[in-house]
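*Asks:* take a look and give me a structure for this.
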Amino acid sequence: MGKWKLRPEKVSWREEAKKRVALEAVKHLQDDFIVGLGSGSTAAHVIQEIGRQILKAGLRVLGVPTSSQAMMLAVRSGIPLTTLDEYPSLDLAIDGADQIDKKLDMIKGGGGAMTREKIVASAAKQFIIVADETKLVDKLGTNCRVPVEVLPFALATATASIKELGGKPLLRESGRKVGAVVTDNGNYIVDIDFGPMKDTEELNRRLKLIPGVVETGLFIKMADIVYLGKPDGIIRLER
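*Replies:* Below is the predicted model:
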């Protein structure tokens, strides 16, 4: 009796594109760099590639992870870790994004780590974003909600204030347990539908003025370089 031959699972062009931009971003690393390690599926490729460079090429770097997920993956990949307490200034940070516009402003926070991601990005001398080309849009907010991290105590009042700004807030709930998603900082995430946004800088300012809002997923004027993966190559955008 013959054996069934299983076909290898076909990898989507987007997954291959993510790997290509991760490889390109890691080329910016130099020995003795302190690097911020982003969270999410594309940033995971970056972490794994840094681990390979440490193992194969003897690259000497220290990583500052932006989430428990990034920390665990970095440990498994063999990246020695440090903290912002030890190194408040980073040489480089590499992360992904949920949406990017042509000004290189972004929505981040699909994985719930936007507060730590923004802190790490702001501490870096250079901030590089890696994504596939489907993340590039004309206007942020097009079929994409804006995540906001909120103190649990302020959930009701912050949600009311968000509605006054014209947003439609939705508390992010866990798919694997009863109740809300809780961030690494012990807070809730409210995902807000504003639709396509005109003035993201002003909206970000007004959201952050709401008592109880810890941070927003609007990353304005932060990215220095964006690598977008295409089916047949890479697009490089610079601020």
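
*Asks:* which other residues reach stretch 67-86?
*Replies:* Stretch 67-86 is contacted from outside by 34, 37-39, 43-44, 47-48, 50-52, 54-55, 61-65, 90, 111-113, 116-117, 119-120, 123, 184, using Cβ atoms under 8 Å, 6 or more residues apart in numbering. (Glycine included, C-beta is placed from N, CA and C.)

*Asks:* drop anything exposed from those.
*Replies:* The neighbour-count criterion (16 or more other Cβ atoms under 10 Å) marks 34, 37-39, 43-44, 47-48, 50-51, 54, 61-65, 90, 111-113, 116-117, 120, 123, 184 among the contacts of stretch 67-86 as buried.

*Asks:* how near is residue 147 to residue 172?
*Replies:* Distance, residue 147 to residue 172, by Cβ to Cβ, to the nearest Å: 7 Å.

*Asks:* again, but for residue 74
*Replies:* Distance, residue 74 to residue 172, by Cβ to Cβ: 25 Å.

*Asks:* just residue 56 next, same as before
*Replies:* 39 Å.

*Asks:* which strands and helices lie in contact with the helix-or-strand element of the chain with minimal mean pLDDT?
*Replies:* Within the chain, no helix or strand scores below helix 13-26, which has a mean of 92 by mean pLDDT, DSSP states H and E. Here helix 13-26 touches helix 41-57, strand 127-132, strand 225-230, strand 233-238, going by 3 or more Cβ pairs under 8 Å, 6 or more residues apart in numbering; DSSP states H and E.
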